[in-house]
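[1] this one's structure only:
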């Protein structure tokens, strides 16, 4: 709860789950070579690419005897179509889902309220680009890990992969949540980058003072300003928040109703926000397993359900407690 200013108003269970994410015995972390996008590319490679339709904004969900109608508007030409599917898994974040017309679904009051009220956190990342991994060299000798500070940038994450590599490199020079992210998110990109550089200079000047060595302006000397980046997830219209982080009582009151399938079990809701493991890809996987399992159960497809369990284990980890 101390990773972001003002996080104490969130569910205590979120803190417990977060603790076990990082402190489970024998935990092993892996780095995906090429970045997280490689996961998406691997999934696309297993799917018929003609089945993936891009630039389609969902504007409505409804159903009738034919199936689930998904109203979409092409963001390139603004034309609307309403394809019909036997089963649909909706993985929209809850923010954009609020902008979709669901009035024909006859959702009960708890599910409607859950979609509206289940709390999200906000977050901002600022990445600084450098000509080299100067922080790994003497006198700094910073090999991975992170810094926590009460300066506006709050958390600096040094890359733990590629240690010792030559050439340009990046640092997540600021990773903020909650009120810290609210304030950082209100800045322009240039202002965020400059604030992050200033904070990093302060930290390394303190390091130099403690070690009794001179500070040689390493931060700005090695900076590639035009390659620095920043992103405020709360300002992103396609997510409208960083990740779910429920408030007190929301797990017990709204989580169960929010994950229930509707339209005679043909429309399912999934995504990290509708799982018990918020902010992680693992949460999305858990909710996907739940939704696929529900579809196979409704269809009576025992063969594919057995395959699902053989490949991914039984459904005990995906069931609502």
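    Perfect, thanks for sending it. Quick caveat: nothing in here was measured; it's all calculated off a predicted structure.
[2] Out of all residues in the chain, which is the farthest from the middle?
    Distance from the C-alpha centroid of the chain peaks at residue 212, with 40.8 Å (Cα atoms, centre = their mean).
[3] Show me the shaky parts of the stretch 101-250 of the chain.
    Within the stretch 101-250 of the chain, no stretch has pLDDT under 70.
[4] now what about stretch 86-98, what contacts it?
    Applying Cβ atoms under 8 Å, 6 or more residues apart in numbering, the contact partners of stretch 86-98 are 58, 61, 67-68, 70, 100, 115-116, 118, 120, 237-241, 244, 266-271, 273-274, 284, 287-288, 291-292, 295. In short, each C-beta sits where N, CA and C put it, glycine included.
[5] how far does it sit from the chain's center?
    Averaging C-alpha positions (Cα atoms, centre = their mean, to the nearest Å) puts stretch 86-98 15 Å from its chain's average.
[6] helices or strands up against the top helix by length along the chain?
    Longest helix in the chain by number of residues (criterion: DSSP state H): helix 189-211. Applying 3 or more Cβ pairs under 8 Å, 6 or more residues apart in numbering; DSSP states H and E, we find helix 189-211 packed against strand 123-130, strand 169-177, helix 218-221, strand 229-232.
[7] Could you export the ones you listed to CSV, including columns for mean neighbour count and distance to residue 202?
    Listed next are those as CSV, based on neighbours: other Cβ atoms under 10 Å; distance: least, Cβ to Cβ, whole Å:
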stretch, mean neighbour count, distance to residue 202
strand 123-130, 23, 14
strand 169-177, 22, 12
helix 218-221, 16, 10
strand 229-232, 18, 19
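[8] Make CSV from the ones you listed and add distance to residue 314 to it.
    As requested, those are exported to CSV (distance: least, Cβ to Cβ, whole Å):
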stretch, distance to residue 314
strand 123-130, 33
strand 169-177, 34
helix 218-221, 51
strand 229-232, 38
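[9] Out of those, the one nearest residue 253 is which?
    Residue 253 lies closest to strand 169-177 among the helices and strands packed on helix 189-211, at 23.7 Å (Cβ to Cβ).
[10] Quickly list the domain ranges of the chain.
    55-120+241-318, 123-235 (automatic domain parsing).
[11] first to last residue in the last one, what's the distance?
    With Cα to Cα, to the nearest Å as the measure, the first residue of domain 123-235 is 10 Å from its last.
[12] from the middle of its chain, how far away would it be?
    How far domain 123-235 lies from its chain's middle: 21 Å, per Cα atoms, centre = their mean.
[13] circling back: just the contacts of stretch 86-98: which are in helices?
    In this view, the contacts of stretch 86-98 that belong to helices under DSSP H are 115, 116, 284, 287, 288, 291, 292, 295.
[14] Excluding chain neighbours, what is closest to the third one?
    So the one you mean is residue 284. Of all residues not flanking residue 284 in the chain, residue 272 sits nearest, at 4.9 Å (Cβ to Cβ, 6 or more residues apart in numbering).
[15] can you check the fifth one too?
    Of all residues beyond its chain neighbours, the one nearest residue 288 is residue 270 (5.6 Å), with distances taken as Cβ to Cβ, 6+ apart.
[16] I figured the one you found hits residue 290, correct?
    Yes - here residue 270 lies in contact with residue 290, judged by Cβ atoms under 8 Å, at a distance of 7.0 Å.
[17] coming back round to it: cross-reference the contacts of stretch 86-98 with the strands and report the matches.
    Secondary structure assignment (DSSP state E) places 58, 61, 67, 68, 70, 120, 244, 267, 268, 269 from the contacts of stretch 86-98 within strands.
[18] Name the nearest of these relative to residue 196.
    Looking across the ones in strands among the contacts of stretch 86-98 and measuring by Cβ to Cβ, the closest to residue 196 is residue 120, at 23.5 Å.
[19] Residues in a beta bridge with that closest one, which ones?
    residue 244 (DSSP bridges).
[20] cool, the one 5 residues further on as well?
    Residues found in beta-bridge contact with residue 125 (criterion: DSSP bridges) are residue 175, residue 231.
[21] Next one: it from residue 218, what distance?
    22 Å (Cβ to Cβ, to the nearest Å).
[22] where exactly do the helices run in the stretch 1-150 of the chain?
    Along the stretch 1-150 of the chain, counting by DSSP state H, counting those that start in this stretch, helices occupy 12-23, 37-46, 94-97, 109-117.
[23] how about the ones you listed, which one is nearest residue 166?
    helix 37-46 (23.1 Å).
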